[in-house]
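> after the sequence you'll find the predicted model.
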Amino acid sequence: MNMAIEILYDKDVNPEIIQGKKIAIIGYGSQGHAHALNLHDSGCDVRVGLRPESKSAEEAREHGLKVVDIDTAAEEADVVMILIPDEIQAKTYEEHIAPHLHPGDTLAFAHGFNIHYGYIKAPEGVNVIMVAPKGPGHIVRRQYTEGSGVPDLCCVYEDATGDAWDIALSYAWAIGGGRAGLMKGTFAQETEEDLFGEQAVLCGGLVELVKAGFETLTEAGYPPELAYFECYHEMKMIVDLMYESGIHFMNYSISNTAEYGEYYAGPKVINDESRKAMKLILERVQNGEFAKEFVADCNNNHKWLLEQREALNNHPIETTGAQVRSMFTWVKKSEE
């Protein structure tokens with residue numbers, strides 16, 4: 001199968017490169033814990049850098065990891081992987097990481113936001129790389145422990161030492177990515193595609209589509225519980241079929257009535273106006289307008305974000321959903 005990007009695997013990578021480095025993982029959240037534990041289990045020298053008041057420190061120690069403050073981690077390490085939220089990376093970097101970087105060190109990320117938009121600038125002589133697993137941290141860890149892995153996107157923004165690609169690929173090997181596939185790309189590609197996908201499809205687009213369907217039915221007098229089932233609950237079943245074997249397999253699994261409705265109604269909902277909106281969203285991601293708006297809201301204590309979050313939490317689809325899900329013993333068990 002021909003691919004538009006280059007894909008490498010374990011056999012193409014030298015594990016000894018990353019095993020010979022001292023690595024600092026900054027943060028111990030979803031991605032942080034997965035990277036740190038997988039690196040540790042791959043025979044790497046890992047320390048986790050956390051704030052003194054971090055609640056994650058005890059958990060990391062219980063997992064057998066060395067925990068130090070962020071300054072110490074950055075000073076000790078040859079490779080510093082920053083895995084804390086985008087909005088606090090720049091301040092943390094300036095105060096606790098930048099003073100400890102030396103020529104020949106490698107600064108690493110799992111998302112390109114701060115490098116691509118210029119909020120973090122590495123000093124001369126320091127590599128800048130990205131290793132971005134295409135899955136949440138708990139899946140990255142689970143797949144690794146089961147002998148498999150999650151595909152990784154690997155990028156190099158600055159190759160100061162001449163072997164930044166080798167370091168990135170070796171790091172990806174250590175967290176299990178080479179078992180599934182290592183895709184080579186750029187910081188711009190990862191950042192812009194990731195933000196666009198989140199906004200137009202995965203989070204923004206999907207949530208608004210579900211809400212609009214629910215509101216259309218309830219405003220027409222249909223019971224909210226049934227509207228929830230039709231527009232929200234059954235969505236997972238459809239997505240799971242697509243995820244497993246593609247759209248054609250999903251269509252094979254549903255009724256002819258449903259498939260006919262897909263071709264008839266889908267283009268009416270996602271139409272030329274929708275595509276114009278998507279192009280505008282992409283343009284704002286590409287030109288940095290979204291990044292500036294997001295950072296401004298972060299600097300305003302997330303005022304707009306918190307207002308939107310509260311409004312969504314109080315939406316009838318959420319209150320109805322909580323009641324409906326209480327009927328599902330399997331869901332209740334998974335949430336406990």
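Cool, the structure landed. Just so you know, these numbers come straight off a predicted model, no measurement behind them.

> alpha carbons only for contacts and neighbour counts from here, please
Noted.

> where in the chain is pLDDT low?
Under the criterion of pLDDT under 70, the regions of the chain flagged as low confidence span 1-3, 330-336.

> ranges for the strands of it?
For the chain, strands defined by DSSP state E occupy the ranges 7-8, 22-26, 45-50, 66-69, 79-82, 106-109, 127-133, 152-158, 182-185.

> now for the second one, which elements pack on it?
I take that to be strand 22-26. Under the contact criterion of 3 or more C-alpha pairs under 8 Å, 6 or more residues apart in numbering; DSSP states H and E, the helices and strands touching strand 22-26 comprise helix 30-41, strand 45-50, helix 70-76, strand 79-82.

> and for the fifth one?
Using 3+ C-alpha pairs under 8 Å, 6+ apart, the elements in contact with strand 79-82 are strand 22-26, strand 106-109.

> related to what we said a few turns ago, put together TSV for the strands of the chain, with distance to residue 316 and mean neighbour count on each row.
Written out in TSV, the entries for the strands of the chain read as follows (distance: least, C-alpha to C-alpha, whole Å; neighbours: other C-alpha atoms under 10 Å):
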stretch	distance to residue 316	mean neighbour count
strand 7-8	45	18
strand 22-26	39	26
strand 45-50	39	24
strand 66-69	44	19
strand 79-82	38	26
strand 106-109	38	25
strand 127-133	35	27
strand 152-158	38	24
strand 182-185	41	21
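
> okay if I get those strands as a markdown table plus distance to residue 117?
Putting the strands of the chain into a markdown table (distance: least, C-alpha to C-alpha, whole Å) gives the following:
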| stretch | distance to residue 117 |
| --- | --- |
| strand 7-8 | 26 |
| strand 22-26 | 20 |
| strand 45-50 | 24 |
| strand 66-69 | 27 |
| strand 79-82 | 16 |
| strand 106-109 | 14 |
| strand 127-133 | 14 |
| strand 152-158 | 12 |
| strand 182-185 | 17 |
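
> among these, which is nearest residue 234?
With C-alpha to C-alpha as the measure, strand 127-133 is the member of these nearest residue 234 (27.8 Å).

> the inter-axis angle of that closest one versus strand 152-158?
170 degrees (axes from the mean of the first three to the mean of the last three C-alpha atoms, to 10 degrees).

> paired strands for strand 127-133, with orientation please.
For strand 127-133, the pairing partners within the sheet under DSSP bridges are strand 106-109 (parallel), strand 152-158 (antiparallel).

> which residues sit against it?
Residues lying outside strand 127-133 but in contact with it, judged by C-alpha atoms under 8 Å, 6 or more residues apart in numbering, are 104-112, 122, 140, 150-161, 164-165, 168-169, 171-172, 177, 187.

> so how far is that strand off the chain centroid?
Relative to the chain's own centre, strand 127-133 is displaced by 13 Å; criterion: C-alpha atoms, centre = their mean, to the nearest Å.

> restrict that strand to CA atoms and write it as CSV.
The C-alpha trace of strand 127-133 is given here as CSV (Å, rounded to 0.1, in the frame of the first residue of the first chain):
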residue,chain,number,x,y,z
ASN,A,127,17.3,19.9,19.3
VAL,A,128,13.6,20.3,19.1
ILE,A,129,11.6,17.1,18.4
MET,A,130,8.1,15.8,18.7
VAL,A,131,6.8,12.2,19.5
ALA,A,132,3.0,12.3,19.5
PRO,A,133,1.2,9.0,20.1
